[in-house]
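Asker: My questions are about this predicted structure, shown below with the sequence.
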Amino acid sequence: MVLAPLGARAADTRAEVVSPIASPVCSWAGETDQQDVNIGAPDDDAFYWLSPLVPSSGTEVLISGYYPRSRYFSFHVYNDQGEALDSIYDQQIEPDPQSANPFLAKPPQGAGDSYTVTVRFEPRPADPAPNTIYAGEPSSSAVALLVYRDYVPVEASSPSGGVPYPQVTIADARGTPLVQEGACSTTPPAFGSALWQAFAEGSYPDGLPNDPPSSASAPPQWSRAFGSRLGNQQNAYLETVVSHAYGQIVVIHTRAPTFPNTSAGQPPYKAAQLRYWSFCSYDAEGEALVGCVADYHAVIRAHEITYVISDPEHRPANATAANGVTWLPWGAQSAAQIVYRNLLPEASFPYAAERITTPTQSVPETMGPYYPTAVYCSKVTFEAGGWRACQRSGEGQPE
């Protein structure tokens with residue numbers, strides 16, 4: 001609903017350009033979260049900006065920006081079906097002359113922090129150029145979407161990571177600028193905020209239909225998502241669909257991967273098992289966000305985490321941070337999809353979701369002690385004995 005008019009605007013504006021010109025159009029339009037359209041399974045600690053592109057073999061796209069003070073950032077190009085064509089992320093982006101990349105090491109004193117990335121509409125060659133995204137040969141009806149992601153900005157008040165938005169320039173094949181868009185973002189009104197907040201905070205009324213979808217199972221079974229629409233190529237996603245038909249609450253328990261806590265002053269290049277991880281709840285189709293709690297906000301006790309997912313009415317009294325529990329809203333729905341993100345595992349970490357390379361590969365065996373065991377449970381059982389009592393109870397299991 002939103003991408004079509006944005007794409008049309010971009011196409012109309014650029015088609016009229018015959019000489020270098022500064023465009024009043026911002027480089028980016030954002031965001032896609034609970035504040036507005038809430039599509040594409042966003043993460044609460046990630047910010048997304050969109051730039052529709054009209055691919056042409058006679059043009060390229062230049063992205064000029066500054067490294068943000070954030071945990072992670074990237075650029076992805078998608079086709080009109082939401083399939084990722086190519087991407088580049090922070091550590092892969094070489095700095096401009098006299099600048100340094102703070103995602104690789106501490107920059108020398110006095111170094112700049114700028115970079116330039118190019119999007120080319122041609123197949124990726126055997127020897128790709130540095131700082132280049134290859135979107136493939138354009139078709140006559142092609143419309144592409146450039147997405148800028150920024151995870152966990154250090155300054156919460158600055159989603160762009162304390163630096164200006166990257167600037168998008170359309171250039172000809174020789175690199176001569178044709179259109180230079182503004183280093184800004186046009187954010188739509190927060191028309192969805194109250195609606196989605198009420199949905200997230202609501203409870204599914206008793207007595208309504210509660211037939212489990214075919215994708216739900218008891219106990220919940222995790223699978224890796226392959227080819228996710230608008231998915232992040234640096235992320236691996238575990239997903240499961242849960243249903244109130246099997247239980248009031250879902251309890252997840254596992255070992256917590258280490259991560260660089262940039263919000264506490266650690267650098268993003270600090271050695272860690274994962275760059276970022278989070279658990280999020282969505283509608284049953286895995287499209288609209290209900291709630292997320294990421295690594296640095298989760299309660300970690302003795303290197304372990306416990307998540308309880310429920311609506312407010314069935315939230316156990318002991319499902320609190322003081323009791324070592326992280327709570328996620330289920331939302332006012334009978335079924336929900338839960339997603340566990342794993343971003344950029346270090347090479348030596350064998351238990352990341354990224355190590356699951358085929359749909360038939362065993363998720364529990366691959367992830368070992370980091371497998372997120374999920375069980376259905378009741379409020380009464382959890383209040384009586386916590387996650388251990390729920391794992392012993394066998395509630396929600398088919399008889």
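Answerer: All right, it came through fine. Numbers count the residues shown, from 1 in each chain.

Asker: show me the contacts for residue 96.
Answerer: Residue 96 sits next to 112, 114-116 when contact means C-beta atoms under 8 Å, 6 or more residues apart in numbering. Any C-beta I mention is one placed from the backbone N, CA and C, and that applies to glycine too.

Asker: can you tell me which of those residues are in strands?
Answerer: The strands, defined by DSSP state E, take in 114-116 from the contacts of residue 96.

Asker: Can you select the buried ones from the residues you listed in ChimeraX?
Answerer: Provided next is the ChimeraX selection string for whichever of the ones in strands among the contacts of residue 96 are buried by 16 or more other C-beta atoms under 10 Å:
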select :115,116
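
Asker: between the contacts of residue 96, which is nearest residue 170?
Answerer: Taking C-beta to C-beta as the measure, residue 170 lies nearest residue 116 of those, at 14.3 Å.

Asker: Setting the sequence-adjacent residues aside, check what's closest to that closest one.
Answerer: residue 64 (5.3 Å; C-beta to C-beta, 6 or more residues apart in numbering).

Asker: looking at this, that neighbour is in a helix?
Answerer: No. Checked against DSSP: H, G, I helix; E, B strand; the rest coil, residue 64 lies outside a helix; its state is strand.

Asker: So it is in contact with residue 171, correct?
Answerer: No. Between residue 64 and residue 171 there is no contact, the gap being 11.1 Å when judged by C-beta atoms under 8 Å.

Asker: Okay, now the unreliable bits of this protein?
Answerer: 1-24, 31-36, 140-141, 190-192, 396-399 (pLDDT under 70).

Asker: Specify the beta-bridge partners of residue 51.
Answerer: residue 146 (DSSP bridges).

Asker: Surely residue 322 is within a helix?
Answerer: Yes. Assessed with three-state DSSP, residue 322 lies in a helix.

Asker: Let me have the contacts of residue 96 in a markdown table, extended by distance to residue 376.
Answerer: A markdown table is the format used below for these (distance: C-beta to C-beta, whole Å):
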| residue | distance to residue 376 |
| --- | --- |
| 112 | 54 |
| 114 | 51 |
| 115 | 47 |
| 116 | 51 |
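
Asker: now stretch 197-211, how far from the chain's geometric center?
Answerer: In this view, stretch 197-211 has its centroid 25 Å away from the chain centroid, taken as C-alpha atoms, centre = their mean, to the nearest Å.

Asker: Pull out the buried positions in stretch 386-396.
Answerer: Per 16+ other C-beta under 10 Å, stretch 386-396 contains these buried residues: 386-387, 389-391, 393, 395-396.

Asker: cool, and stretch 328-347?
Answerer: Neighbour-count burial for stretch 328-347, counted by 16+ other C-beta under 10 Å, picks out 328-345.

Asker: same deal with stretch 215-226?
Answerer: Residues of stretch 215-226 classed as buried by neighbour count (16+ other C-beta under 10 Å): 215-220, 222, 224-225.

Asker: what does that stretch contact?
Answerer: Contacts of stretch 215-226 (C-beta under 8 Å, 6+ apart): 231, 236-243, 245-247, 250, 284, 335, 338-340, 353, 356, 359, 361, 363, 371-372, 374-376, 396-398.

Asker: Give me the buried subset of these.
Answerer: Here, 16+ other C-beta under 10 Å leaves 231, 236-243, 245-247, 250, 284, 335, 338-340, 353, 356, 363, 371-372, 374-376, 396 buried among the contacts of stretch 215-226.

Asker: number of nearby residues for residue 182?
Answerer: When neighbours are counted by other C-beta atoms under 10 Å, residue 182 registers 17.

Asker: hang on, isn't it packed against residue 25?
Answerer: Yes. Residue 182 is within contact range of residue 25, at 6.7 Å (criterion: C-beta under 8 Å).

Asker: Show me the helices in the stretch 251-399 of the chain, by range?
Answerer: 363-367, 379-393 (DSSP state H, counting those that start in this stretch).

Asker: Distance of the residue nearest to residue 116 relative to residue 28?
Answerer: For residue 64, the distance to residue 28 (C-beta to C-beta, to the nearest Å) stands at 13 Å.

Asker: Quick check: residue 203 touching residue 329?
Answerer: No. The pair residue 203 and residue 329 fails to qualify as a contact (C-beta under 8 Å) at a distance of 9.6 Å.

Asker: Return every residue with contacts to both of those two.
Answerer: 311-312.

Asker: would you turn the buried residues of stretch 215-226 into CSV with secondary structure?
Answerer: Shown next, in CSV, are the buried residues of stretch 215-226 (three-state DSSP):
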residue, secondary structure
215, coil
216, strand
217, coil
218, coil
219, coil
220, coil
222, coil
224, strand
225, strand
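
Asker: any idea which of the residues you listed is the one closest to residue 154?
Answerer: Each of these was checked against residue 154 using C-beta to C-beta; the closest is residue 225, at 29.1 Å.

Asker: about what we covered before: would JSON lines of the buried residues of stretch 215-226 with distance to residue 72 be doable?
Answerer: Below are those laid out as JSON lines (distance: C-beta to C-beta, whole Å):
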{"residue": "215", "distance to residue 72": "30"}
{"residue": "216", "distance to residue 72": "31"}
{"residue": "217", "distance to residue 72": "32"}
{"residue": "218", "distance to residue 72": "35"}
{"residue": "219", "distance to residue 72": "32"}
{"residue": "220", "distance to residue 72": "28"}
{"residue": "222", "distance to residue 72": "23"}
{"residue": "224", "distance to residue 72": "20"}
{"residue": "225", "distance to residue 72": "19"}
